[in-house]
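Visitor: would you be able to build a 3D model of this:
(2 chains)
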2 protein chains.
Amino acid sequence: MTSADRLIESTRELLWERGYVGTSPRAIQQRAGAGQGSMYHHFAGKPDLARAAIGRTAEELRATAEALLGAPGPALERVAAYLHRERDVLRGCPVGRLTQDPDVMADATLREPVRETFSWLAGRIAGVLREGRDRGELVPDLDPESTAATVVATLQGGYVLARAAGSAELFDRAVAGVLHLLTAYDTSTRREVGRDS
Amino acid sequence: MTSADRLIESTRELLWERGYVGTSPRAIQQRAGAGQGSMYHHFAGKPDLARAAIGRTAEELRATAEALLGAPGPALERVAAYLHRERDVLRGCPVGRLTQDPDVMADATLREPVRETFSWLAGRIAGVLREGRDRGELVPDLDPESTAATVVATLQGGYVLARAAGSAELFDRAVAGVLHLLTAYDTSTRREVGRDS
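Guide: Modelled structure (predicted):
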């Protein structure tokens, strides 16, 4: 790792552990094993480093999501794979948690990658659902945009519920719930759901 | 308001504005216009006051939810009324936000009312959906427990997305999404959704 990389990784860890206000330039330097000169050679200051750190976290989330959502296979299977991917549920979402850091939210340049990540994710999932609808896997009535927003909100809210309970149970149930609701829109299962009882 | 009430209300405001660690007994007394003697006459200390403050916030959320979920009318209309009730979306949920306060989460007696509120809410919504299913308003295939968890998670995640964007748009879309998904389970609309296209 270059010293710029070490500085970014240390900033990510400290932002996660202590939040923006609790992360001092000195703590970053110490954790990275880098001097003040090296830090200011690579970065204009703490906000600049935080932008790089948050940008990298956002990039990782996108890469992981894209690997699952962009895979071959039926649309709902790809959405389910993303919802089920191994997550450290009680730790929470590294991007979602930034919305609770008042200093990150107050700085437009720090908030932008957070906003952009969720906007991208909702759009990407909507695209997968649209594809599934166009291929006849999903019924025409499925609304890709609002469904995608519900999927992203279910995950982010699932983390909140898991944190409140100290248990992943409600997270898992919420994910199972949205996937079950979607079965009524799956052309391979809808007859059973829609059938008169 | 009694001075005990003023102390509780001041603690609620300060917990919201500054979090647990940023809320000093002195700041509580000042805002409440109460002396140290009065505070320690009514409460054993800051944790005790915080418990009372969090308990009251949780109680209010339950009362508001119960007024809508316990109203007469079809199950889905009651759930929709709860999802649509006027909310200060960008401000966030006063209970959900407590999950982001590390000091609240670290203290089992402060976390308990947060956990309990969400557990109650998911259970209450599941009860409304079960009632709707038993009355034939919803198809037998609807799963009340997982659907209720999805509804609660959609709200909490919607707040996260709204905060990230500085806009209620994704919150509104996520709420519309879960309600639209539910139309396939509504016996008065399912034929259109389930029909072969």
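Visitor: next helix or strand past whichever strand or helix holds A:Leu49?
Guide: In this structure, A:Leu49 sits in helix A:46-69 according to DSSP states H and E. Next along the chain after helix A:46-69, taking DSSP H and E as the criterion, comes helix A:75-84.
Visitor: mind showing which ranges of chain A have poor pLDDT?
Guide: Within chain A, the stretches with pLDDT under 70 are A:190-197.
Visitor: now with 90?
Guide: For chain A, applying pLDDT under 90 flags the ranges A:1, A:16-19, A:21-22, A:86-88, A:90-92, A:94, A:97, A:100-103, A:188-197.
Visitor: show me the contacts for A:Thr147.
Guide: A:125-126, A:129, A:182, B:177, B:180-181 (Cβ atoms under 8 Å, 6 or more residues apart in numbering or on different chains). Yep, even glycine has a C-beta here, placed from its N, CA and C like the rest.
Visitor: compute the inter-axis angle for the helix or strand harbouring it and helix A:46-69.
Guide: For A:Thr147, the host element (DSSP H and E) is helix A:144-165. Counting by axes from the mean of the first three to the mean of the last three Cα atoms, to 10 degrees, helix A:144-165 points 110 degrees away from the direction of helix A:46-69.
Visitor: in helix A:144-165, what's buried?
Guide: A:144-165 (16 or more other Cβ atoms under 10 Å in any protein chain shown).
Visitor: does stretch A:36-50 reach chain B?
Guide: No - if you take Cβ under 8 Å from any Cβ of the partner chain as the test, stretch A:36-50 misses chain B, and the best it gets is 15.8 Å.
Visitor: number of nearby residues for the nearest residue to A:Gly55 once chain neighbours are set aside?
Guide: Distances taken as Cβ to Cβ, 6 or more residues apart in numbering or on different chains place A:Pro113 nearest to A:Gly55, at 5.3 Å, with adjacent residues excluded. Per other Cβ atoms under 10 Å in any protein chain shown, the neighbour tally for A:Pro113 reads 21.
Visitor: thought A:Pro113 was touching A:Glu60?
Guide: No - counting by Cβ atoms under 8 Å, A:Pro113 sits too far from A:Glu60 to count as a contact (11.6 Å).
Visitor: my read: A:Thr154 touches B:Gly157, true?
Guide: Yes - using Cβ under 8 Å, A:Thr154 is in contact with B:Gly157, at 6.0 Å.
Visitor: list residues touching both of those two?
Guide: Common neighbours of A:Thr154 and B:Gly157 (Cβ under 8 Å, 6+ apart) are B:Ala174.
Visitor: how does chain A divide into domains?
Guide: Following automatic domain parsing, one finds the domains of chain A at A:1-43, A:51-194.
Visitor: tell me which of the ones you listed is the most buried.
Guide: domain A:51-194 (a mean of 20; mean count of other Cβ atoms under 10 Å in any protein chain shown).
Visitor: show me what the longest helix anywhere in chain A is packed against.
Guide: Once chain A is assigned using DSSP state H, the helix that runs over the most residues is helix A:108-134. Secondary-structure packing of helix A:108-134 (3 or more Cβ pairs under 8 Å, 6 or more residues apart in numbering or on different chains; DSSP states H and E): helix A:46-69, helix A:75-84, helix A:102-106, helix A:144-165, helix B:144-165, helix B:169-182.
Visitor: centre of the chain to it, how far?
Guide: 10 Å (Cα atoms, centre = their mean, to the nearest Å).
Visitor: still on that earlier bit, taking helix B:108-134 as reference, get the angle to the helix holding A:Thr147.
Guide: 140 degrees.
Visitor: correct me, but A:Gly35 touches A:Pro25?
Guide: No - if you go by Cβ under 8 Å, A:Gly35 and A:Pro25 don't touch, sitting 11.3 Å apart.
Visitor: A:Ser38 sits in which helix or strand?
Guide: Assigned by DSSP H and E, A:Ser38 falls in helix A:36-42.
Visitor: so A:Ala162 sits against A:Phe171, correct?
Guide: Yes - shown here, A:Ala162 and A:Phe171 form a contact pair, counting by Cβ under 8 Å, at 4.2 Å.
Visitor: find residues that contact each of those two.
Guide: What both A:Ala162 and A:Phe171 touch, as defined by Cβ under 8 Å, 6+ apart, is the set A:Val89.
Visitor: which other residues reach stretch A:125-133?
Guide: A:69, A:74-76, A:78-79, A:82, A:138-140, A:142, A:144-145, A:147-148, A:151-152.
Visitor: nearest spatial neighbour of A:Gly92, skipping sequence neighbours?
Guide: In space, A:Gly92 is closest to A:Tyr159, 4.7 Å off (Cβ to Cβ, 6+ apart).
Visitor: what's the answer for A:Gln156, then?
Guide: That would be B:Gly157: by Cβ to Cβ, 6+ apart, it lies 3.4 Å from A:Gln156.
Visitor: show me what contacts the one you found?
Guide: Counted by Cβ under 8 Å, 6+ apart, B:Gly157 has contacts A:152-160, B:174.
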